[in-house]
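**Student:** Turn this into a structure:
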Amino acid sequence: MYLTQQFADFIARTSYTSLPEEVIYQAKERIMDTLGSIIAGSCNWEYVQQLKEACRALGAGNYSVVGSREKEFPPARAAMINATFAHSIELDDGHKNAGCHAGAVIVPTALTMGQELGSTGREIIAAVTIGYEITYRIAAHLNPAQINKGFHPSSNCSVYGAMAVAGKLMGLDSGQLANGLGQAGMLASGTMEATRSGQRSKCVQVGNAAYSGIMAAYTAKAGMEGCLSALEGKDGLFQTQSEQVNVESVCQDLGKIYTIGDTYNKMYPSCRHAQPGIEGVLDLARERGIVPEDVESIWIGTHQVAYDLTGIIKVPKNSGEAKFSLAYGAAVALQEHSFGVAHLREPYYTDPEILKLAEKVTTVVDPEVQELYPKKRGARVKLTLKNGTVLKKELYDLKGSPDNPVSWPELSAKFMANAKAVMEEETIRTLLEQLAHLETLSSIDPVMELLA
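**Tutor:** Now for the predicted structure:
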């Protein structure tokens, strides 16, 4: 039996009532946090209007996207746009060691398709859980080789999860689900080169995973066959994008152990690989009351992937480069004792004082940090002060990681901070209350209306 067929059986038999209570809570947490990222992206990403304009040329429909009451897109396109927003400012969640941002794709797919199909809150929770499971099991077995070969996990793996979400909500049977997953494999795409050139548009390939996953589900419903060997076949995903994948372990304990708990929350709007260094500087600055005038130099030791993605740019030319500059993030952390969405804007990334600090940052591949990768992704930080004092910090379990989790109130505060620029506080509180009790909703319409 192919992996697509094993996954299909799991999707078909899983329901809200079969999920452990802890998993239900985690799914609701993922939905809330991702919606906060979508809202933040809808009002902060510089290409919001350009993407909408491009999508209008591809077909009209009756669905709005977050931040707009205009009902102008087909559901699959609306899901794609919202998924793009979710990934646009690097605040979306991810897998602790697979380099994959599942929530950005899974949650908007579930909400849009749930609205289209009249799904209940319970059905959406189950679909979200399933989507994370499929995405994570594939991504965790591909990496780090997938990234090293230049493929983007969130684009290539999340399309399978999006199909699983759409197919589940559509009520497809096991055979159709297997074909849909096979179709998803043929539609998977996206490369890591987007982190180096065109960073501000990288999120579009992640958003497209939502569209492709929904498309795959509809082709399966229409009776089209899919590539059942899309994962483990001779020229499938595992062979072309990874090395020596243990195929037997991919579905091990499927339906017994849920991997949604392996999700981390991003507390800063930057590439996750940059965040251990940024948080290390931030912690030292806050704990010791360090100000820029005290500092002679900043040294950050990290692993090779983090260096390649975030260790090269010191002076960002735009918000995209700011998200992928460890030196810039560390400089902001030292100057501001914080690092948030506002710091991706031009008044900050062109600030001479911040850029002067960024020039003091030396980023290197640290053998000790590299040795622990990919099981642990961290950084070592040294702040050398002008009086000769050297302050050190070693950080692997970031705030928001599975081993250093944040609470629902803390995530609610993050949501509030993201949403208050475009929503009234009373509306935000109503929305948070609905999400906290999502399993009681007979329809997702009230949530979607508030998001518009």
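**Student:** how about Lys314, secondary structure?
**Tutor:** Three-state assignment for Lys314 (DSSP: H, G, I helix; E, B strand; the rest coil): coil.
**Student:** okay, now it: neighbour count?
**Tutor:** Other residues near Lys314 come to 18 when the count uses other Cβ atoms under 10 Å. Bear in mind the C-beta positions are built from the backbone N, C-alpha and C, glycine included.
**Student:** same deal with Ala60?
**Tutor:** For Ala60, the count of nearby residues is 12 (other Cβ under 10 Å).
**Student:** Enumerate every residue touching it.
**Tutor:** 72-74 (Cβ atoms under 8 Å, 6 or more residues apart in numbering).
**Student:** From these, list the buried ones, please.
**Tutor:** Burial by neighbour count, 16 or more other Cβ atoms under 10 Å: within the contacts of Ala60 this picks out 72-74.
**Student:** Go through these and name the one nearest Phe415.
**Tutor:** Ranked by distance to Phe415 (Cβ to Cβ), the buried ones among the contacts of Ala60 are led by Phe73 at 24.3 Å.
**Student:** what sits against Ser189?
**Tutor:** 155-156, 205, 208, 212 are the contacts of Ser189 under Cβ under 8 Å, 6+ apart.
**Student:** tell me which element it is part of?
**Tutor:** Using DSSP states H and E, Ser189 is not contained in any helix or strand.
**Student:** tell me the pLDDT at it?
**Tutor:** Predicted confidence (pLDDT) for Ser189: 95.
**Student:** Kindly report the same for Leu91.
**Tutor:** pLDDT, Leu91: 95.
**Student:** Quick one: classify it as helix, strand or coil.
**Tutor:** Applying three-state DSSP: Leu91 is coil.
**Student:** Count the residues that sit near it.
**Tutor:** Per other Cβ under 10 Å, the neighbour tally for Leu91 reads 29.
**Student:** Need phi/psi at it.
**Tutor:** phi -110, psi 0 (degrees, to the nearest 10).
**Student:** circling back: Lys314: which of the buried ones among the contacts of Ala60 is nearest?
**Tutor:** Nearest to Lys314 among the buried ones among the contacts of Ala60, with distances taken as Cβ to Cβ, is Phe73, at 39.4 Å.
**Student:** From Gln241, how far out is that closest one?
**Tutor:** Per Cβ to Cβ, to the nearest Å, Phe73 is found 31 Å from Gln241.
**Student:** Repeat that for Gly223.
**Tutor:** As judged by Cβ to Cβ, Gly223 and Gln241 stand 29 Å apart.
**Student:** When the two are compared, which one has more neighbours?
**Tutor:** Gln241 (22 against 8).
**Student:** pLDDT score for the more buried one?
**Tutor:** 97.
**Student:** quick one: contacts for it?
**Tutor:** Gln241 neighbours (Cβ under 8 Å, 6+ apart): 142, 145-146, 149, 151, 156.
**Student:** again, 6 Å this time
**Tutor:** With contact taken as Cβ atoms under 6 Å, 6 or more residues apart in numbering, Gln241 is in contact with 142, 146, 149, 151.
**Student:** quick one: the first one from Pro402, how far?
**Tutor:** Look at Leu142 and Pro402: by Cβ to Cβ, they are 20 Å apart.
**Student:** now do Glu410
**Tutor:** 15 Å.
**Student:** rewinding a little: which members of the contacts of Ser189 are positioned in helices?
**Tutor:** 155-156, 205, 208, 212 (DSSP state H).
**Student:** For these, give me JSON lines that also has distance to Val406.
**Tutor:** Listed next are these as JSON lines, based on distance: Cβ to Cβ, whole Å:
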{"residue": "Ser155", "distance to Val406": "27"}
{"residue": "Asn156", "distance to Val406": "28"}
{"residue": "Gln205", "distance to Val406": "28"}
{"residue": "Asn208", "distance to Val406": "30"}
{"residue": "Ser212", "distance to Val406": "32"}
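**Student:** Now, of the residues you listed, which are buried?
**Tutor:** With burial judged by 16+ other Cβ under 10 Å, the buried subset of the ones in helices among the contacts of Ser189 is 155-156, 205, 208, 212.
**Student:** Same list, those, but as JSON lines with pLDDT please.
**Tutor:** Formatted as JSON lines, those follow (pLDDT from 0 to 100):
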{"residue": "Ser155", "pLDDT": "97"}
{"residue": "Asn156", "pLDDT": "98"}
{"residue": "Gln205", "pLDDT": "98"}
{"residue": "Asn208", "pLDDT": "98"}
{"residue": "Ser212", "pLDDT": "98"}
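**Student:** nearest to Gly131, of those?
**Tutor:** For these, the nearest to Gly131 is Ser212 (13.6 Å; Cβ to Cβ).
**Student:** Now do the contacts for that closest one.
**Tutor:** 159, 187.
**Student:** Show me the protein divided up by domain.
**Tutor:** Segmentation of the chain into domains, based on automatic domain parsing, reads 3-267+413-451, 272-395.
**Student:** Please identify the most buried of these.
**Tutor:** Ranked by mean neighbour count, the domains of the chain are led by domain 3-267+413-451 with a mean of 22 (mean count of other Cβ atoms under 10 Å).
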